[in-house]
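> sequence isn't available, so here's the structure alone:
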C-alpha cells in the first residue's frame, strides 16, 4: 500500500481552459494528490507559461503530451507521475489515454470518454489488459446526497422501481455564441472536436449516468427526439428521450442547452412501488423522500443518520454546504484511495465512475443520436 501522495500529470488545462483549473482544485483538495508535471497546451510556449503559473519545475513541463508520457515513463519511480488527468476536448481523449495506459499510468478522463463508440470499445479493452484503472469525471455522482439516494434505492425500501425522471436544463447556448468565438461553445458545437453529439454528449450523458447510478438499473432501449433549435448550429442543442430499463421501469430524460434563463440545475426523481426520492443540484445538500402514506422527509448532508456512502463523501457538519467542486474532488479522492490500496474491485469506500460507466455513456450518445435520426421508434442499447 502506497503511503504518500499520488503524483499527477495533466494533459490540457492551459490558458483559457475552464475545466482544467477545476480538475486541479479538485485533485488537491484532500491532500491525496499533487500535480508534478503537465503538457498544458499544444503550443509549447503556452504550456510553459501555465507551468510557470503553477510553480512547476521547468523540466517537468512539456511541449506535447507524447513527450510528457515518454519522458515520465523513463523517470525514476520515486519521482515520476502515477496518474494523468486528461482535460482536453473530446477528439483529444483517446490517443493520450491510450498512450498513458501503454506507458503504465492510471488515467482520469473528463466525460464523455472518447470521440466515438469505436474508440470507447478500444479503450475499454486496453484498460482491462493494462492492469491500470480509469476514472471518468461524471461529476454529479460525487455528491454525498446522490450517493445517499443510490443507497436508499438499493436498500429496496421503495420496492421495485417503476419510473425515473431526469432533466438537465441549461440556457447558455440559447444564442449562436460560437459564431463570436466563445471558446467553450466553439469546440462543443464543432463536430470535428465534440463528435456527433452536442448537448447529448455534453450534458445528456451526465443525466443518463445519474439515472443509471441512482436507480441501480440499466437502460435497455430509448426513443429519442433530438433537435437543433438555434439556426446555423452544427450539432444538437435540445432533446427529449423516453427510456426503458432492464427491470421494466420506464423513464424520461430531458437535456437542453436552449432552456433560456436556466443555469445548471440537473434534477432527478425516482419512484418505486412504496415511495420515491428527488434530488437537484440547486439544493444539493437535500434529498427529498416521498411516501404514499407518510409525510415527505427531507434528509440533509452531514447528518448522522445517513449511510456510510454519504458520510464518507462529506467533509463538513450539517448546514455547511458543499458543492460541485467538492463532488469533483470526491472522485479524485476515491480514485486515489483505490490506487493507493491496490484494490481490484471498486467498493463503497472507493466509489468512482469507471470505464464501464464511461463506455455506457458513449453507448447512450451513439444510440440517442441514431434514434433522433431514425424513423424507428425504439433503439436498443
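Arrived safely, thanks for sending. Just so it is clear, the structure is predicted and the values come from calculations on it, not from any experiment.

> if I read this right, residue 349 contacts residue 312, doesn't it?
Yes - using C-beta atoms under 8 Å, residue 349 is in contact with residue 312, at 6.6 Å. C-beta here means a position set from N, CA and C on the backbone, and glycine is covered the same way.

> quick one, which of the two is more surrounded?
Higher neighbour count among residue 349 and residue 312: residue 312, with 18 against 13, using other C-beta atoms under 10 Å.

> need the pLDDT of the more buried one.
At residue 312, the pLDDT value in this model is 95.

> I'd assumed residue 347 was in contact with it.
No - in this structure residue 312 lies outside contact range of residue 347 using C-beta under 8 Å: 10.9 Å.

> the helices in the chain, which residues?
Along the chain, counting by DSSP state H, helices occupy 19-28, 44-53, 65-74, 94-102, 117-130, 144-154, 183-188, 191-194, 199, 205-215, 308-311, 324-341, 355-373.

> what sits against residue 103?
Shown in contact with residue 103 (C-beta atoms under 8 Å, 6 or more residues apart in numbering): 69, 70, 72, 73.

> likewise residue 26?
By C-beta under 8 Å, 6+ apart, the contact list for residue 26 reads 325, 326, 328, 329, 331, 332.

> so which residues make contact with stretch 374-381?
Counting by C-beta under 8 Å, 6+ apart, 218-224, 244, 360, 363-364, 367, 370-371 sit against stretch 374-381.

> how about TSV for those residues, with pLDDT and neighbour count added?
TSV is the format used below for the contacts of stretch 374-381 (pLDDT from 0 to 100; neighbours: other C-beta atoms under 10 Å):
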residue	pLDDT	neighbour count
218	98	12
219	98	24
220	98	14
221	98	17
222	98	22
223	98	17
224	98	25
244	98	18
360	98	20
363	98	17
364	98	29
367	98	21
370	98	15
371	97	22
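
> between those residues, which is closest to residue 263?
Closest approach between the contacts of stretch 374-381 and residue 263, by C-beta to C-beta: residue 364, at 23.7 Å.

> re earlier: for ChimeraX, write the selection for the buried entries among the contacts of residue 26.
A single ChimeraX command selects the buried members of these (16 or more other C-beta atoms under 10 Å):
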select :326,328,329,331,332
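
> from the contacts of residue 26, which is closest to residue 134?
Nearest to residue 134 among the contacts of residue 26, counting by C-beta to C-beta, is residue 331 at 11.6 Å.

> just checking, the closest one touches residue 135?
Yes - in terms of C-beta under 8 Å, residue 331 counts as a neighbour of residue 135; the distance is 6.0 Å.

> any shared contact partners between these two?
Common neighbours of residue 331 and residue 135 (criterion: C-beta under 8 Å, 6+ apart): 108, 352, 353.

> can you redo the residues you listed as TSV with distance to residue 2 and neighbour count?
As requested, these are exported to TSV (distance: C-beta to C-beta, whole Å; neighbours: other C-beta atoms under 10 Å):
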residue	distance to residue 2	neighbour count
108	17	27
352	17	24
353	22	27
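
> report the residue ranges of every domain in this structure.
Residue ranges for the domains of the chain, per automatic domain parsing: 6-132, 144-312+354-380.

> export these as CSV, with columns for distance to residue 319.
Listed next are those as CSV, based on distance: least, C-beta to C-beta, whole Å:
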stretch, distance to residue 319
domain 6-132, 20
domain 144-312+354-380, 7
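
> if we can go back for a sec, going by distance to residue 33, which of the contacts of residue 26 wins?
Using C-beta to C-beta, those come closest to residue 33 at residue 332, 6.1 Å.

> I'd assumed residue 25 was in contact with that closest one.
No - using C-beta under 8 Å, residue 332 makes no contact with residue 25, being 9.7 Å away.

> gap between the residue lying closest to residue 21 once chain neighbours are set aside and residue 83?
Excluding its sequence neighbours, the residue lying closest to residue 21 (C-beta to C-beta, 6 or more residues apart in numbering) is residue 13, at 6.8 Å. Taking C-beta to C-beta, to the nearest Å as the measure, residue 13 falls 14 Å from residue 83.

> between the two, which is the more surrounded one?
Between residue 13 and residue 83, counted using other C-beta under 10 Å, residue 13 has the larger neighbour count: 27 against 24.

> contacts only, for that one.
19, 20, 21, 23, 24, 38, 40, 50, 85, 87.

> and it, how far from residue 89?
From residue 13 to residue 89 the distance is 12 Å (C-beta to C-beta).

> for residue 251, same thing?
Note on residue 251: its distance to residue 89, by C-beta to C-beta, is 30 Å.

> who's more crowded, these two?
The residue with more neighbours, out of residue 251 and residue 89 and counting by other C-beta under 10 Å, is residue 251; that gives 26 against 19.

> bridged to the more buried one, which residues?
residue 164, residue 243 (DSSP bridges).

> is it true that it touches residue 242?
Yes - using C-beta under 8 Å, residue 251 is in contact with residue 242, at 7.4 Å.

> any chance you could map the strands in the stretch 151-300 of the chain?
Assigned by DSSP state E, counting those that start in this stretch, the stretch 151-300 of the chain shows strands spanning 161-169, 219-227, 238-245, 250-256, 267-272, 275-280, 286-291, 297-300.

> of all the ones you listed, which one is nearest residue 61?
With C-beta to C-beta, the closest approach to residue 61 among the strands of the stretch 151-300 of the chain belongs to strand 161-169: 36.0 Å.

> give me the neighbour count for the closest residue to residue 97 other than its chain neighbours.
Of all residues not flanking residue 97 in the chain, residue 107 sits nearest, at 5.1 Å (C-beta to C-beta, 6+ apart). By other C-beta under 10 Å, 26 other residues sit near residue 107.
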